[in-house]
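> missing the sequence, but the structure's below:
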């Protein structure tokens, strides 16, 4: 299974095969800064280079446009036939792109991943240099004089600085480990490829009422397909409405992504989830090996129930879940169910208190605090509160005798 980085690379390449990089000015600006080396997989690097060159047209010929559509796919397949880039798989790659209009977001994700990959490489090189320098400065001096001692102290300071820099870069490189791709490319299958989503589909009414977990999945599925409902849901639906840690995190990341004005689909949310978990582990344990005991992907540290990986779960929400109502309607139903459950529990507690025998009069003042509500507890030896008596009125002054 590919990681979120590999999935973002596939999504961008599919969008480029669909021609999105010619239609959106924002994407053209981002692609101008994107290099083939930013892609983590070599096959994706070669695909990006081929698509970019073949779709741009011949250089030096004004007005000469490059290839588009199936012509572009056939040309890329002919150029990269040696690595298995046949036309059928390229069409599947184009069809599997979740939201081609979000291609600029995919490109920025790939840029960020490439930058963190460079940080990882620099951290390793600096750590190696620091270790080599420490070995040199630790060698005994046969003759110590002032200049030699100063040079040794200067070298030690440099080694210490390199070690600290390497450690800082290694901590930041931990974030990349959560986003890194697998070693081999994962192409979409030519047969049985993922279908494109029909964002307006709704299941027929009158079907059996879904379970609580199914209702929560439906809400998130419709939210991924129709994210314009996010701001309305954020006003009345808290994240603790969801009964699993994974659903709560998905909902919260969707809200924060929408609040930032970024696009929303299953690839972007999976990326944001992985990034959020990596940053959380980095702040919790800033040592370079702090993520060794991290919870598995798709499972929060406080959630004992194993969950499927985030990318798999989000893809299932976006494609395979059939929704019966809008996310806003489902949110109201979830809140109504919670309210009924809360009222039923309160009624059960009230009935249980009503059926308990009343305490004897001589025991009322000595009831245990643990069995009596706090506002009904009576201190056994508390003195009676004195009644408030108004102060006596001052005597009326007698009239002053006249002279």
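On my side now, so go ahead. Keep in mind the model is a prediction, meaning the values are calculated, not measured.

> Now tell me which helix or strand of the protein has the poorest mean pLDDT.
One helix or strand of the chain scores below all others by mean pLDDT, DSSP states H and E: helix 146-179, with a mean of 58.

> following that one, which helix or strand shows up next?
Next in sequence after helix 146-179, counting helices and strands by DSSP states H and E, comes helix 212-225.

> For that next one, report the contacting residues that lie outside it.
If you take Cβ atoms under 8 Å, 6 or more residues apart in numbering as the criterion, helix 212-225 is touched by 197, 199, 210, 229-230, 233, 241-244, 247, 250-251, 254, 264-266, 269, 314, 317-318, 321, 323-327, 330-331, 333-334, 337. Where you see a C-beta, it was placed from the backbone N, CA and C, and this is true even at glycine.

> Narrow those residues to just the buried residues.
In those, burial by neighbour count holds for 197, 210, 229-230, 233, 241-242, 244, 247, 250-251, 254, 264-266, 269, 314, 317-318, 321, 323-327, 330-331, 333-334, counting by 16 or more other Cβ atoms under 10 Å.

> pLDDT (mean, whole number) over the helix or strand harbouring residue 45?
Using DSSP H and E, residue 45 falls within helix 42-56. The average pLDDT within helix 42-56 is 91.

> Quick check: which helices or strands does that helix pack against?
helix 4-17, helix 69-79 (3 or more Cβ pairs under 8 Å, 6 or more residues apart in numbering; DSSP states H and E).

> and after the shortest one, which helix or strand comes next?
Along the chain past helix 69-79, the next helix or strand (assigned with DSSP H and E) turns out to be helix 87-95.

> Low-confidence stretches in the stretch 251-400 of the chain?
Counting by pLDDT under 70, the ranges of the stretch 251-400 of the chain that qualify are 283, 285-307, 358-400.

> For it, which segments are assigned as helices?
With DSSP state H, counting those that start in this stretch as the criterion, the stretch 251-400 of the chain has helices at 266-284, 310-315, 327-355.

> buried sites along stretch 8-20?
Those would be 8, 9, 10, 11, 12, 13, 14, 15, 16, 17, 18, 20, for stretch 8-20 by 16+ other Cβ under 10 Å.

> Ok, stretch 214-228 next?
Buried residues in stretch 214-228, counted by 16+ other Cβ under 10 Å: 215-227.

> could you redo those residues as CSV and give each row distance to residue 279 and pLDDT?
What follows is the buried residues of stretch 214-228, written out as CSV (distance: Cβ to Cβ, whole Å; pLDDT from 0 to 100):
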residue, distance to residue 279, pLDDT
215, 31, 95
216, 25, 96
217, 26, 96
218, 30, 95
219, 26, 96
220, 22, 96
221, 26, 96
222, 28, 96
223, 23, 95
224, 22, 94
225, 28, 93
226, 28, 94
227, 23, 94
